[in-house]
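# kindly generate the corresponding structure for this input.
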Amino acid sequence: MEVLKTNINGCFEINPKLIYDRRGYFYESFNKRRFQEQTGIHVQFVQDNQSFSERGVLRGLHLQKGIYAQAKLVSVLKGKVLDVALDLRKESKTFGEVYSTILSEENKKQLFVPRGCAHGFVVLSETALFFYKCDNFYNKDSEAGVIYNDKDLAIDWQIAESELIISDKDMVLPSFKEYVSQHLEVK
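Below is the predicted model:
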């Protein structure tokens, strides 16, 4: 596997090594030892999740806070998405930076999103089956996020606003500045 640094500290794009023959292909979707050697990050995944969505579904930007913060290793099993990470770690040198990449069944790329970063994606294909590994268990009371269309972040979701399908919960997430003042400012 090839591990590439992104503009966000601790966030990595992973390209697996595919082995093809007449039967199809094979690849390791995760190898803890290799991941740790190439990133310096020790991670212990404890929960796997999947979601199925139609074109235009936008999920995000989500994270869990505090002791329930999660690092995620995300990938697409079927279809194509634009995947986005946002660094919300106030102490990070890359605080406030956004990284986006295309994940698809064709390119088999993965994105490692560290704890303290918000994550989201939009489906660009007719449908998509999205898969992610988490290093901590889900806790509803620790949910947080930033609105997808924050004007200061200016994320290009590569799909028309009129085509987006967004949950009611995601439509009322705070702006980046509101999130910072609510969750990160010293009170």
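
# mind listing the helices for this protein?
Per DSSP state H, the chain has helices spanning 32-39, 168-171, 176-179. These are given in chain order.

# quick one, which of the ones you listed gets closest to residue 91.
With CB to CB as the measure, helix 176-179 is the member of the helices of the chain nearest residue 91 (15.5 Å). (Glycine included, C-beta is placed from N, CA and C.)

# could you give me the average pLDDT of the closest one?
Taken as a whole, helix 176-179 has an average pLDDT of 96.

# with just CA atoms, put it into CSV.
The C-alpha trace of helix 176-179 is given here as CSV (Å, rounded to 0.1, in the frame of the first residue of the first chain):
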residue,chain,number,x,y,z
PHE,A,176,-17.3,26.7,11.4
LYS,A,177,-17.1,30.0,13.4
GLU,A,178,-20.1,29.0,15.6
TYR,A,179,-18.5,25.6,16.2
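
# may I see the buried residues of that helix?
Buried residues in helix 176-179, counted by 16 or more other CB atoms under 10 Å: 176, 179.

# ok, and what's touching it?
In this structure, residues lying in contact with helix 176-179 by CB atoms under 8 Å, 6 or more residues apart in numbering are 86, 88, 96, 144-146, 150, 152-153, 173.

# do that again at 10 Å, thanks
61, 63, 86, 88, 96, 98, 118, 144-147, 150-153, 173 (CB atoms under 10 Å, 6 or more residues apart in numbering).

# OK, contacts around the most centrally placed residue in the chain?
The residue lying closest to the centre of the chain (CA atoms, centre = their mean) is residue 119, at 3.9 Å. The neighbours of residue 119, taking CB under 10 Å, 6+ apart as the test, are 11, 59-63, 70, 72, 74, 83-86, 111, 113, 132, 145.

# now residue 180
88, 90, 95-96, 146, 174.

# what's the closest of those to residue 31?
Distance ranking of these against residue 31, using CB to CB, places residue 88 first at 28.3 Å.

# surely the closest one and residue 150 touch.
No. Look at residue 88 against residue 150 with CB atoms under 10 Å: they stay out of range, at 11.9 Å.

# shared neighbours of those two, anything?
A shared contact of residue 88 and residue 150, defined by CB under 10 Å, 6+ apart, is any residue touching both; here these are 61, 176, 179.

# measure the residue lying farthest from the centre of the chain to residue 91 for me?
Of all residues in the chain, residue 22 sits farthest from the chain's C-alpha centroid, using CA atoms, centre = their mean; the distance is 33.3 Å. For residue 22, the distance to residue 91 (CB to CB, to the nearest Å) stands at 51 Å.
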